[in-house]
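Asks: Have a look; sequence and predicted model below, questions after that.
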Amino acid sequence: MILLIDLNWKKNSLGYDEFVVPILTLAERLDSCTVKHYLDVTSQDLNHCNNIILSGNALKDKAFMSEAEKFLWLRQTEKPVLGICAGMEIIGLIFGARLDPLLEIGMTQITSVKDNPLFCGEFKAYSLHNYCIEPADMFDILAKSTKCVQAIRHKSKKLFGVLFHPEVRNQEIVSNFISQ
């Protein structure tokens, strides 16, 4: 089972349709899927899933950042986790990354810089974010654009982050994560 965690500011927000439903549609093709808002995630939810996906959210939505303690479970989990956009930002924050302002909207050229199970080579991806991250030392950089780090992986855990939105374009990245 896949646990899809909604990072939008409130349950059933407009962002749910834009950022959660497309991931849910992709994930349900491969496994059963449960969606929980980040404020409602329990240890039982985390224990009963095989994979975890943290959704993105709207540009002006930063509510999850003030609730970082809700994500401390990321330090202990052994489950594979994929953080998309805001999901990558919260993974970074929990592990000591620095967030820097960087507004990107639209298509971005991504270049893989390290072999990984999610993607390879160069490709265009859809970006919609306010921040970039400078990852902590415990992360490998998997991909970059001309402006910033676009994908990371924890060196000893299956924690991945992508700053772009594979649910919009490059949907195979979500499938590759679930299937690994």
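Replies: Looks like it arrived, so ask away.
Asks: any idea whether residue 78 is helix, strand or coil?
Replies: coil (DSSP: H, G, I helix; E, B strand; the rest coil).
Asks: Kindly list the main-chain dihedrals of residue 138?
Replies: Phi and psi for residue 138, reported as degrees, to the nearest 10, are phi -80, psi 10.
Asks: quick one: the residue lying closest to it once chain neighbours are set aside from residue 50, how far?
Replies: Distances taken as C-beta to C-beta, 6 or more residues apart in numbering place residue 155 nearest to residue 138, at 5.3 Å, with adjacent residues excluded. Where you see a C-beta, it was placed from the backbone N, CA and C, and this is true even at glycine. Noted for residue 155: a distance of 22 Å to residue 50, by C-beta to C-beta, to the nearest Å.
Asks: And residue 61, by the same measure?
Replies: 28 Å.
Asks: More neighbours: which of these two?
Replies: Using other C-beta atoms under 10 Å, the more surrounded residue of residue 61 and residue 50 is residue 61, with 18 against 12.
Asks: Determine the set of other helices and strands touching the strand ranked longest in the chain.
Replies: Taking DSSP state E as the criterion, the chain has its longest strand at strand 98-112. Applying 3 or more C-beta pairs under 8 Å, 6 or more residues apart in numbering; DSSP states H and E, one finds that strand 98-112 makes contact with helix 86-94, strand 122-134, strand 139-144, strand 149-154.
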